[in-house]
Structures are given as structure tokens and as C-alpha cells.
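Trainee: this is the structure alone, sequence omitted:
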Ligand SMILES: O=C(O)[C@H]1NCC[C@@H]1O
């Protein structure tokens with residue numbers, strides 16, 4: 001499918017390739033964004049937030065999108081000479097994620113298939129291409145299986161997973177306890193906090209008084225509310241002080257992105273576990289959440305539950321086609337001056353999953369449309 005050629009034909013409007021990764025959408029903005037100013041990726045992230053946020057709402061909100069829509073912007077020029085490309089992510093609330101695993105997996109395929117990169121990537125002998133994708137949290141090496149068409153074009157292999165290696169991921173706090181109101185009752189809840197490019201609370205469904213059937217997709221409304229309440233409580237609790245990246249260069253990453261509710265099967269013999277990530281403003285990740293898998297694996301490693309190389313498998317509320325995760329090595333985190341943050345045992349986690357194309361869109365906005373700036377209906 002030559003989707004990029006299709007989009008090239010269209011002259012005006014915001015041009016988008018639609019993909020999903022394990023069910024979670026990524027609306028990849030290919031063309032049509034005004035210049036995004038800033039000399040590095042965090043400055044550009046701030047610029048879109050402060051100056052171009054109306055475009056995010058038009059792209060992600062209704063009537064073109066919905067509450068759980070997710071997007072990525074490929075920057076016209078990379079902002080780090082060590083990267084092949086720089087990208088921003090966007091979601092429904094404050095707006096701009098610091099890391100997104102599911103979108104990185106989708107972008108991996110798209111960047112190969114669109115002939116977007118110059119010089120063109122060169123596969124190794126097994127057909128694998130490594131792309132360094134710069135995300136707001138740092139550079140994320142991404143591995144894509146490719147093949148060459150009979151006319152000599154390099155294309156991603158849709159049958160094999162794309163994987164990426166996380167930025168240094170770490171355990172932030174374990175066995176935290178807070179009392180929260182669930183279904184009208186006060187309950188003391190135990191949870192962990194981990195970082196995998198973004199900060200997450202990780203909590204077992206049983207801690208919240210639910211059985212694991214709450215992680216089935218037929219009715220998530222109550223559990224999503226509980227997850228969102230827990231995120232808000234943690235943001236106002238003493239634990240907010242722990243949500244701090246050790247490198248001062250990364251202070252813009254210092255916020256709690258969401259809560260991941262798990263089935264409690266951490267480190268199970270078969271390495272499998274189901275979880276549900278609720279991030280931003282009650283946004284539900286249809287995928288197992290790539291940055292969440294990195295955070296979970298970092299916590300499991302810190303607790304001595306998994307060792308380097310142990311393959312784990314994560315599925316979302318949709319079940320089925322999930323993400324793999326494994327710790328690949330220990331690393332230390334350096335500050336801007338290059339000094340190592342000694343006490344912090346961080347790890348690089350490799351996460352793999354499959355992404356698929358699902359459309360090509362060109363959005364138009366009519367000036368007299370009263371809903372041109374987008375809206376969200378909540379149920
Ligand atoms: O896979 C991930 O990391 C993302 N999915 C939506 C929320 C996270 O950014």
C-alpha cells in the first residue's frame with residue numbers, strides 16, 4: 001500500500017496517516033503543521049503547547065477524533081544530531097506526552113514505508129533497520145524488519161514486530177500507601193511508581209478491591225474513574241515529591257502521566273500479565289502501553305523479580321495481540337554535566353509490538369463551523 005504517495009497528491013489541509021498499535025490509534029501528522037519553533041525537542045514541545053494547541057484539539061477532538069484519540073507530529077527537522085528523526089506526541093488533556101511506546105512502534109513502520117528519511121536507512125544482513133527516534137524523553141533506538149520490493153523499495157514487514165529500547169527506566173517508589181475513596185468507601189491502597197519515559201503509578205486491581213475481570217474491555221467505566229482518581233490523589237500526596245527525574249535536564253518530565261492497573265501477575269512463570277493504562281484525562285490506552293511496560297519491567301528488575309533477558313508478555317483490555325518486554329541491560333543516569341547519578345539503578349527495556357495502517361486523512365476546517373475547534377463528549 002503506497003499510502004505516502006496517496007497523501008502527497010493532496011494539496012491543502014493537515015495530512016495524516018492513521019495507524020494503530022495493538023488497537024491504540026496514532027494519528028501521524030505528516031504535513032500541514034505551521035513551523036514549530038525551538039532549538040531542542042523540549043522547547044518545541046513547549047512551543048506547540050503554548051502557541052499551537054488549537055491544532056491539537058482540531059486533530060484529536062470530535063468531530064474528527066474522540067476522547068481517546070492519540071497523535072504524533074514528525075518534526076520537519078530533527079533537533080538532535082544523533083537522531084534520525086524527532087517527534088512529538090499528543091493526547092487529550094494537557095496535551096503532549098514525554099514518551100509513547102505504541103506510537104514509536106507505528107512510526108517505525110511509517111518512517112520506512114514513507115521514504116521520509118534522508119539519507120535512506122540501510123538494513124543489516126537480516127533486513128533489520130535501526131532508527132534513532134528522538135522523543136521528548138530522549139533518543140529511542142527502534143528496530144524494524146524490512147524487505148525490498150521487486151522495484152527496489154525498502155518496506156516494513158507487517159508480519160514481524162517493531163521493537164524499541166526505552167530511555168533509562170527505573171523504580172521510583174515501591175509499596176507506597178494512600179487512603180482513597182473507592183465506590184463511596186475509604187480504602188488503603190498499596191502501589192508502586194515507575195518511570196519508563198513517563199511516570200506511572202502501578203497498582204494491582206485487587207488492591208483497589210476489584211477482581212481481574214475489571215480489566216476486560218466490556219465495561220471499563222468504573223475502573224477508569226478509579227484509576228484517574230488514584231492518579232489525582234498521588235499528584236496531591238507526599239509521593240509527588242518522588243516524581244522527579246534525577247537528571248536536571250529532564251525536569252519537564254516531572255509529572256505523573258497515569259495509572260496502570262494490573263492483574264497482579266508480576267513475574268509470573270510464563271511472563272504474562274494483563275494491564276490497563278489510564279493516562280492524561282481518563283484516556284484509555286487500547287494497547288498494553290509501551291512506556292508503561294518499560295516502567296513495569298524496571299520495577300520488576302529493581303524488586304529482583306525478573307532478571308536481564310527474561311521475556312515477559314503484556315496484554316491490554318483487548319487481550320490478544322500484546323507487547324513483549326525484556327530488560328536488556330543496566331545503565332546509570334547522567335546529569336547535564338555528564339556526572340553519573342550513582343544511586344540510581346536504571347535499566348534499558350526492549351519492548352516489541354505490531355502496528356498496522358488503517359487510513360489516510362486530510363482534515364479541512366470551515367471557518368464558519370461552530371465546532372471547528374473541537375469538543376469532547378464524556379460518557
Ligand atoms: O504506549 C505508550 O507508551 C503510550 N500509549 C498511550 C499512553 C502512552 O503514551
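Mentor: That came in fine, so what should we check first? These numbers come from a predicted model, not from an experiment.
Trainee: please make it C-alpha for all contacts and neighbour counts, starting now.
Mentor: Noted.
Trainee: quick one: residues contacting the closest residue to residue 164 other than its chain neighbours.
Mentor: Counting by C-alpha to C-alpha, 6 or more residues apart in numbering, residue 142 is the residue found nearest to residue 164 once chain neighbours are left out, at 4.1 Å. By C-alpha atoms under 8 Å, 6 or more residues apart in numbering, the contact list for residue 142 reads 104-105, 108, 130-133, 162-165.
Trainee: quick one: the helices in the stretch 251-379 of the chain, in order.
Mentor: Counting by DSSP state H, counting those that start in this stretch, the stretch 251-379 of the chain has helices at residues 290-302.
Trainee: around the ligand, which positions in it sit nearby?
Mentor: 285, 289-292 (C-alpha under 6 Å from any ligand atom).
Trainee: report the two of the residues you listed separated the most.
Mentor: By the measure C-alpha to C-alpha, 285 and 291 form the most distant pair in those, at 11.2 Å.
Trainee: in the sheet, which residues pair with the residue nearest to residue 164? Tell me.
Mentor: Here residue 142 sits in beta bridges with residue 131, residue 164, going by DSSP bridges.
Trainee: could you do residue 330 as well?
Mentor: If you apply DSSP bridges, the partners that residue 330 bridges to are residue 347.
Trainee: so residue 321 touches residue 20, yeah?
Mentor: No: taking contacts as C-alpha atoms under 8 Å, residue 321 lies outside contact range of residue 20: 11.7 Å.
Trainee: on that earlier part again, quick one: the residue nearest to residue 164 from residue 97, how far?
Mentor: Going from residue 142 to residue 97 by C-alpha to C-alpha, to the nearest Å gives 18 Å.
Trainee: got it, and residue 36?
Mentor: Distance from residue 36 to residue 97, by C-alpha to C-alpha: 16 Å.
Trainee: again with residue 182
Mentor: Applying C-alpha to C-alpha to residue 182 and residue 97 gives a distance of 28 Å.
Trainee: of these two, which one has the most company?
Mentor: Neighbour comparison, residue 182 and residue 97: the larger count goes to residue 97, with 25 against 18 (by other C-alpha atoms under 10 Å).
Trainee: the more buried one in helix, strand or coil?
Mentor: coil (DSSP: H, G, I helix; E, B strand; the rest coil).
Trainee: contacts only, for it.
Mentor: 88-91, 136, 198, 257.
Trainee: tabulate these in a markdown table, adding columns for secondary structure, pLDDT and neighbour count.
Mentor: Shown next, in a markdown table, are the contacts of residue 97 (DSSP: H, G, I helix; E, B strand; the rest coil; pLDDT from 0 to 100; neighbours: other C-alpha atoms under 10 Å):
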| residue | secondary structure | pLDDT | neighbour count |
| --- | --- | --- | --- |
| 88 | strand | 98 | 25 |
| 89 | strand | 98 | 23 |
| 90 | strand | 97 | 27 |
| 91 | coil | 97 | 23 |
| 136 | coil | 97 | 27 |
| 198 | coil | 97 | 26 |
| 257 | strand | 97 | 23 |
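Trainee: pairing partners for residue 278 in the sheet, please.
Mentor: With DSSP bridges as the criterion, residue 278 is bridged to residue 259, residue 284.
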